[in-house]
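*Asks:* what follows is a protein structure lacking sequence information:
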């Protein structure tokens, strides 16, 4: 079956612009996660969704970052007023239900470059 | 709290020789442990996972890992390296009270002829 898909695969934007990153999880997976991979910080957790609710937003680095999930499926990560330090690969993952034991399946990522 | 330490940032082996990638974890509760692999410009792929069943876990591509509670370790091994194993490997921990994976800093495996 289809895996996790993300779009766009690459995004170049100017400092101060807003960007939206999209994630389509595996069908039927109730749990969805966003992570960020950057050279200086490694792989960092951003936010976890269970259905349309986000019980854990502890990894969002600032109020410029927000995310939503609709219909228990597609999720959008929005970064407002982008800064150069936001440049990174943004990874989305989904799992059947439980974050602690279920395998998380990762998408290919969106590479964001802020000029 | 949970954390994971990958003891080597870079490991180089010759093709056909054994691979050992070291990982130590810290967790307040019984952990679940994973190894993920990331090939250049590719997504993260699960190699294997431990979730409190058998302590010796076999994964894909001939990799295996052993959960040792007394040593708080979860080292990844493979008897014979192949050129296609060259990639970045991440040790990952989570617990029943957590909603996220905590990644180690990664070990880059280089395989030479």
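*Replies:* Great, that's in hand. Quick caveat: nothing in here was measured; it's all calculated off a predicted structure.

*Asks:* got the contact list for residue B:87?
*Replies:* Contact analysis of residue B:87 by Cβ atoms under 8 Å, 6 or more residues apart in numbering or on different chains lists B:37-40, B:108-109. Any C-beta I mention is one placed from the backbone N, CA and C, and that applies to glycine too.

*Asks:* can you check residue A:18 too?
*Replies:* A:78-82.

*Asks:* strands along the chain, start to end?
*Replies:* Unless you meant another one, I'm taking chain A. For chain A, the strands defined by DSSP state E occupy A:5-7, A:10-13, A:19-24, A:31-38, A:42-50, A:53-56, A:65-69, A:75-79, A:88-95, A:105-106, A:110-114.

*Asks:* wrong one, I was asking about chain B
*Replies:* Using DSSP E, the strands of chain B run over B:2-6, B:10-14, B:19-21, B:23-27, B:31-38, B:44-50, B:56-58, B:64-68, B:73-78, B:87-95, B:102-103, B:107-112.

*Asks:* for residue A:20, find the nearest of those strands.
*Replies:* Residue A:20 lies closest to strand B:44-50 among the strands of chain B, at 22.4 Å (Cβ to Cβ).

*Asks:* state the mean pLDDT of that closest one.
*Replies:* Here strand B:44-50 scores 93 as its mean pLDDT.

*Asks:* below-threshold pLDDT in the chain: ranges please.
*Replies:* Reading this off chain A. Across chain A, residues meeting the criterion (pLDDT under 70) sit at A:1.

*Asks:* I was thinking of chain B, sorry if that wasn't clear
*Replies:* Low-confidence segments of chain B (pLDDT under 70): B:96-98.
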